[in-house]
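K.L.:
quick one: sequence plus predicted model below, questions after.
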Amino acid sequence: MRQGTSGLALALALTGCVAPLSDREDPRVAVAGPSASPFVQVGAETGVPAELLAALSYIETRMQIVDARAHGREALGILGLSSEDLARGASLAGVSDTAARTDAVAGLRAGAMLIKERAPGARTLEDFLAALDDGLRDEVTTLLVRGVDAHGVTIAARPSLDHSDGFGETQQALGGADYGPATWSAAYSGNFQTSSRTKVDHIVIHDTEGSYTGTISWFKDPAAKVSAHYVVKSSTGAITQMVKEQDVAWHDACFNTTTVGIEHEGYAAMPDKWFTEAMYAESAKLTAYLADKYSIPKEHGFIVGHGEAPDCSDHTDPGPGWNWAHYIDLVKTGGVPTFLAGDAMVDGPITLTSGEHTTVTVTISNTGNAAWDLDATRLGTAAPQDRESSFFVDGDWVSAARATGVDARVEPGTSGTFTFEVVAPNVREPTMFDEGFQLVQDDATWFGPEVHVIFNVQPTGDDGGCNASGGGSGASACAMLLVGARALVSRRRRRTRGL
Ligand SMILES: [Zn+2]
């Protein structure tokens with residue numbers, strides 16, 4: 001998860017700014033990382049679990065301070081609150097509206113007060129989760145089960161929260177959606193025009209400038225006077241249908257009569273954080289279905305951005321960050337992205353002393369046709385897959401089987417880095433470890449080469465003269481002795497090949 005901090009700096013940052021997990025069965029660091037301190041601080045101040053604050057901020061704004069309004073209600077501050085909620089929370093927290101909009105700590109204080117107001121007796125994470133609306137509780141729980149590693153914050157995975165048995169999803173699949181994979185959730189009847197139209201000649205692509213759940217609740221709000229037929233979720237590509245295709249949704253003031261509108265969760269100004277491969281793929285399948293059903297050419301021009309469509313507003317969504325070439329390609333090919341990776345290179349020391357921390361960077365080239373998104377593409381343990389690594393660093397890894405998410409979004413044809421901390425396990429004699437890793441997409445699809453990182457771990461103390469007390473020179477001397485036949489390159493830089 002590391003983003004260019006030295007090991008020492010990170011160690012200091014972690015000392016000052018980690019939140020322990022509130023669940024005793026999983027005694028690990030809940031929230032950590034170079035950008036974690038606002039969540040940890042406000043969690044400690046207010047008693048609202050830091051991981052809940054961080055999860056809500058991730059869901060609403062990807063932990064960015066926003067000031068947005070497009071088709072939705074306003075999304076303000078680090079929690080994307082409406083102006084009414086922000087004002088109420090700020091008042092309860094004793095901070096100014098301006099501070100709650102523009103400062104992370106003040107914005108989280110305001111949000112924490114709103115949460116406490118809803119859950120006055122809550123003490124544990126489960127208590128607070130129980131006070132959330134169903135949709136948001138499900139979203140937060142799903143996020144916490146998998147953990148987060150993006151935007152400078154690691155939220156530890158908490159599989160113990162996973163109580164799903166698949167029944168909820170089965171229930172959601174039943175319903176009134178025109179498009180089979182969509183969940184049906186009707187917009188407020190005053191936010192669209194009922195009709196019995198059969199002609200649709202264009203598909204209009206929007207982005208929400210707000211969150212998925214926030215947009216869905218807005219289209220259900222009588223105050224909105226806007227709607228769209230479909231809303232697509234950024235992290236998974238999940239789709240909610242809110243207006244029947246035969247009815248006229250109000251998504252594009254002068255271009256509604258013969259169009260279907262698709263809203264995409266996210267912000268046009270932050271395409272790398274929101275316009276994910278999962279969303280492109282699932283949206284493209286929906287658009288392909290609509291194009292086939294209504295005989296619309298699968299071309300940019302018939303499939304248009306709101307900003308390019310005839311309109312009576314000044315909307316420009318989804319903006320220049322929407323990858324039209326890739327999207328239309330997916331519409332034509334059925335929305336199946338290809339994840340492939342080429343050779344990998346490992347950068348990090350070979351010899352460590354028990355208890356010593358160091359940073360490892362794995363660089364891998366993206367040879368598929370799909371981007372690797374923040375937090376979606378992770379470096380997991382391999383050989384065997386999902387192995388619990390003894391080099392796991394609490395507070396840096398998402399779990400003992402997930403070293404890190406990709407450091408930044410990686411477009412096809414470029415290389416990406418995966419940077420993470422390791423800590424050498426305790427050994428009684430010099431021991432060689434072969435730690436296998438592999439890329440995994442959305443915790444489901446493994447791809448690319450198995451990357452082997454070799455460590456020679458020395459015991460502490462002065463067994464055999466290979467101890468760290470002499471500093472770097474001692475460690476190097478040991479490396480010279482012990483690198484041996486399995487070393488792949490030189491002291492610091494190693495290259496491994498795809499298998
Ligand atoms: Zn729009």
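P.N.:
Looks like it came in fine. Residues are numbered from 1 along each chain as shown.
K.L.:
so what touches the helix or strand hosting Asp67?
P.N.:
Under the criterion of DSSP states H and E, Asp67 resides in strand 66-68. In this structure, residues lying in contact with strand 66-68 by CB atoms under 8 Å, 6 or more residues apart in numbering are 74-78, 80, 101, 209-210, 267. To be clear about C-beta, it is placed using only N, CA and C from the backbone, and glycine gets the same treatment.
K.L.:
what pairs with that strand, parallel or antiparallel?
P.N.:
Partners of strand 66-68 in the sheet, by DSSP bridges, are strand 75-77 (antiparallel).
K.L.:
starting at the chain centroid, how far to the partner strand?
P.N.:
Its chain's average C-alpha position is 19 Å from that of strand 75-77, according to CA atoms, centre = their mean, to the nearest Å.
K.L.:
list the helices and strands the helix or strand following that strand packs on?
P.N.:
Of the helices and strands lying after strand 75-77 in sequence (DSSP H and E), the nearest is helix 83-93. Using 3 or more CB pairs under 8 Å, 6 or more residues apart in numbering; DSSP states H and E as the contact test, the elements touching helix 83-93 are strand 75-77, helix 97-102, helix 104-118.
K.L.:
and the helices in the protein?
P.N.:
According to DSSP state H, the chain carries its helices in the segments 7-16, 37-46, 50-61, 83-93, 97-102, 104-118, 125-130, 134-146, 167-173, 212-219, 271-274, 277-294, 324-333, 472-482.
K.L.:
contacts only, for the most centrally placed residue in the chain.
P.N.:
Among the residues of the chain, the one closest to the centroid is Asp375, at 4.4 Å (CA atoms, centre = their mean). Residues near Asp375 by CB under 8 Å, 6+ apart: 148-150, 235, 405.
K.L.:
could you rerun that using 6 Å?
P.N.:
With contacts taken as CB atoms under 6 Å, 6 or more residues apart in numbering, Asp375 has the following neighbours: 148-150, 405.
K.L.:
against the ion, how distant is it?
P.N.:
As for Asp375, its distance to the ion is 26 Å (criterion: CB to the ion, to the nearest Å).
K.L.:
next: Val304.
P.N.:
Taking CB to the ion as the measure, Val304 and the ion are separated by 11 Å.
K.L.:
neighbours around that residue, how many?
P.N.:
Burial of Val304 is recorded as 19 neighbouring residues (other CB atoms under 10 Å).
K.L.:
likewise for Pro320?
P.N.:
Residues near Pro320, counting by other CB under 10 Å, number 11.
K.L.:
over to Gly176?
P.N.:
Burial measure for Gly176: 11 neighbouring residues, criterion other CB under 10 Å.
K.L.:
domain parsing for this structure?
P.N.:
The chain resolves into domains spanning 31-161, 183-332, 341-496 when parsed by automatic domain parsing.
K.L.:
where does the stretch 301-450 of the chain dip in pLDDT?
P.N.:
Where the stretch 301-450 of the chain drops to pLDDT under 70, the residues are 311-312.
K.L.:
grab the CA positions of the strand ranked longest in the chain and hand them over as CSV.
P.N.:
With secondary structure taken from DSSP state E, the chain has its longest strand at strand 445-458. As requested, C-alpha coordinates have been extracted for strand 445-458 and formatted as CSV (Å, rounded to 0.1, in the frame of the first residue of the first chain):
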residue,chain,number,x,y,z
THR,A,445,-9.8,-13.8,-11.1
TRP,A,446,-6.1,-14.7,-10.7
PHE,A,447,-4.0,-13.7,-13.6
GLY,A,448,-0.4,-13.0,-14.8
PRO,A,449,2.8,-14.6,-13.7
GLU,A,450,3.5,-16.1,-10.3
VAL,A,451,6.1,-13.8,-8.8
HIS,A,452,8.6,-15.3,-6.4
VAL,A,453,10.3,-13.1,-3.9
ILE,A,454,13.3,-14.9,-2.2
PHE,A,455,14.3,-13.8,1.3
ASN,A,456,17.2,-15.0,3.3
VAL,A,457,16.3,-14.4,6.9
GLN,A,458,18.9,-14.3,9.6
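K.L.:
helices or strands next to it in the packing?
P.N.:
strand 341-347, strand 351-353, strand 431-441 (3 or more CB pairs under 6 Å, 6 or more residues apart in numbering; DSSP states H and E).
K.L.:
please name the strands paired to it in the sheet, noting orientation.
P.N.:
The partner list of strand 445-458 in its sheet, established with DSSP bridges, is strand 351-353 (parallel), strand 431-441 (antiparallel).
K.L.:
between the ones you listed, which one is nearest to the ion?
P.N.:
Nearest to the ion among those is strand 431-441 (29.0 Å), distances taken as CB to the ion.
K.L.:
next, the angle from the closest one to strand 341-347.
P.N.:
Note on geometry: by axes from the mean of the first three to the mean of the last three CA atoms, to 10 degrees, strand 431-441 and strand 341-347 are set 140 degrees apart in direction.
K.L.:
and the contacts of strand 431-441?
P.N.:
339, 341, 377-380, 382-383, 391, 446-448, 450-457.
K.L.:
output that strand as CSV, nothing but the C-alphas.
P.N.:
Coordinates of the C-alpha atoms in strand 431-441 are reproduced here as CSV (Å, rounded to 0.1, in the frame of the first residue of the first chain):
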residue,chain,number,x,y,z
THR,A,431,16.5,-19.6,6.5
MET,A,432,15.5,-19.1,2.9
PHE,A,433,11.9,-18.2,2.1
ASP,A,434,10.3,-18.3,-1.3
GLU,A,435,7.2,-16.1,-1.1
GLY,A,436,4.9,-16.5,-4.1
PHE,A,437,2.5,-13.7,-5.3
GLN,A,438,0.1,-13.2,-8.1
LEU,A,439,-2.3,-10.6,-9.3
VAL,A,440,-6.0,-11.1,-8.5
GLN,A,441,-8.9,-9.1,-9.9
